[in-house]
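Chemist: what follows is a predicted protein model with its sequence.
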Amino acid sequence: MRNTRIFTVLSENQNFGSRVFGQSGDEVYDLYHLEGVTGDGAVYSTTDDLLKWHYGLLYNKLIPAKLKKEAFLPAVLNDGSKSYYGFGWSID
């Protein structure tokens, strides 16, 4: 993945020629800071890189199959209920 960048408010170089911003109506959204969490936003990528990421997950090149299976299972909370959020993925 050579065309993927992560930008935060602490990034020194925020120059990325093909960078686009979110928009709702007339408002343009830029970076936001969530106490050092990276990946929930501020990740800029291309379709080619996203396809590489997809295949890396699909064929267990990024994480072993056992960990991937665990990441896609709902978590059981202390009160016995389930959370349908697993290590960055919404599960339904």
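Modeler: Thanks, I have the structure now.
Chemist: going forward, measure contacts and count neighbours with C-alpha atoms only.
Modeler: OK.
Chemist: pLDDT averaged over stretch 77-90, what's the number?
Modeler: For stretch 77-90, the mean pLDDT works out to 87.
Chemist: mind checking how far that stretch is from the chain centre?
Modeler: Here stretch 77-90 is found 17 Å from its chain centre; the criterion is CA atoms, centre = their mean, to the nearest Å.
Chemist: what does it contact?
Modeler: 40, 71-76, 91-92 (CA atoms under 8 Å, 6 or more residues apart in numbering).
Chemist: report the buried residues of that stretch.
Modeler: In terms of neighbour count (16 or more other CA atoms under 10 Å), stretch 77-90 has its buried residues at residue 86.
Chemist: roughly how far does the residue lying farthest from the centre of the chain sit from residue 5?
Modeler: Largest separation from the mean C-alpha position in the chain: residue 79, at 28.1 Å (CA atoms, centre = their mean). Distance from residue 79 to residue 5, counting by CA to CA, to the nearest Å: 39 Å.
Chemist: now residue 68
Modeler: Computed as CA to CA, the residue 68 to residue 5 distance reads 24 Å.
Chemist: ditto for residue 49
Modeler: On the measure of CA to CA, residue 49 and residue 5 end up 11 Å apart.
Chemist: same deal with residue 88?
Modeler: Distance from residue 88 to residue 5, by CA to CA: 18 Å.
Chemist: check residue 24 too.
Modeler: Where residue 5 is concerned, residue 24 sits at a distance of 23 Å (CA to CA).
Chemist: which residues does residue 53 contact?
Modeler: Contacts of residue 53 by CA under 8 Å, 6+ apart are residue 1.
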